[in-house]
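**Q** any chance you can model this:
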Amino acid sequence: MTLPLLVNLSVACRHFERLDGKGRCLVTLDKVALRARVGFALNLLCDSPSSVNVRFCDAEEMRHTNAAFRGKDAPTDVLSFPAVPGFSDTTKRGRLLYSLGDLLVCLPVCERQARAHRLEPSREVEKMILHGLVHLKGFDHELSDASWRVMSSLEKALSREVVRAMGQPRYVTFVMS
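**A** Down below sits the predicted model:
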């Protein structure tokens, strides 16, 4: 059964400075494909109608946000912000949705990590989104080694199921400008 869900996507900017100092990148996103994949993952993770907000940002916004909320003055790949308990959203048809919260994904960091791991950029971005979704469901890999193993296993299982059902991700492109 498919649950009603809502995936809000926003992009802070289409151009960003690369972290390695080698120019700028133009980012293109297939929001329809991305929304479908995140929605599929939400259906796997949630037992009630749910929503999530995903915002893509540049390194400067991520650095400021990471410093403000975690005390770390450097950009990171993804930050998750759980919704206030009991917060809900509604669809255009008036259906009540449980809000998991917000994800902030740093595209320059994802681009750098994709190059470092020789991955397609979409795979790295999807890995970060799934990581953030698992955090929003209450898992925290920083608690213990056992917590890290459980969270890692869940992320890998989610990724396998999304790829099995929808194929490899191909919704983000970084083009040097």
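**Q** Phe16 in helix, strand or coil?
**A** Remark: Phe16 carries the secondary structure label strand [criterion: DSSP: H, G, I helix; E, B strand; the rest coil].
**Q** actually Gly39, sorry about that
**A** Per three-state DSSP, Gly39 ends up helix.
**Q** give me the neighbour count for Asn53.
**A** By other C-beta atoms under 10 Å, the residues close to Asn53 number 18. All C-beta atoms are positioned from the backbone trio N, CA, C, and that covers glycine.
**Q** in terms of helices and strands, where is it?
**A** Per DSSP states H and E: Asn53 is located in strand 50-57.
**Q** go on, Lys22?
**A** Using DSSP H and E, no helix or strand contains Lys22.
**Q** just the pLDDT for it.
**A** pLDDT recorded at Lys22 is 81.
**Q** ramachandran angles for it?
**A** Per-residue torsions, Lys22: phi -100, psi 60 (degrees, to the nearest 10).
**Q** look up how far Val54 lies from the nearest residue in space to it that is not next to it in sequence.
**A** Spatial nearest neighbour of Lys22, excluding adjacent residues (C-beta to C-beta, 6 or more residues apart in numbering): Met176 at 7.9 Å. Distance from Met176 to Val54, counting by C-beta to C-beta, to the nearest Å: 24 Å.
**Q** who has more neighbours, these two?
**A** Neighbour tally, Met176 and Val54, criterion other C-beta under 10 Å: the higher count belongs to Val54, 23 against 9.
**Q** which residues in this structure form strands?
**A** Per DSSP state E, the chain carries strands over the ranges 5-11, 15-17, 24-29, 50-57, 78-82, 88-90, 96-106, 172-176.
**Q** helices or strands next to the third one in the packing?
**A** When you say that, I think you mean strand 24-29. strand 5-11, strand 15-17, helix 107-116, strand 172-176 (3 or more C-beta pairs under 8 Å, 6 or more residues apart in numbering; DSSP states H and E).
**Q** what comes into contact with the last one?
**A** Read that as strand 172-176. For strand 172-176, the surrounding residues in contact (C-beta atoms under 8 Å, 6 or more residues apart in numbering) are 22-30, 34, 107, 111, 121-122, 125.
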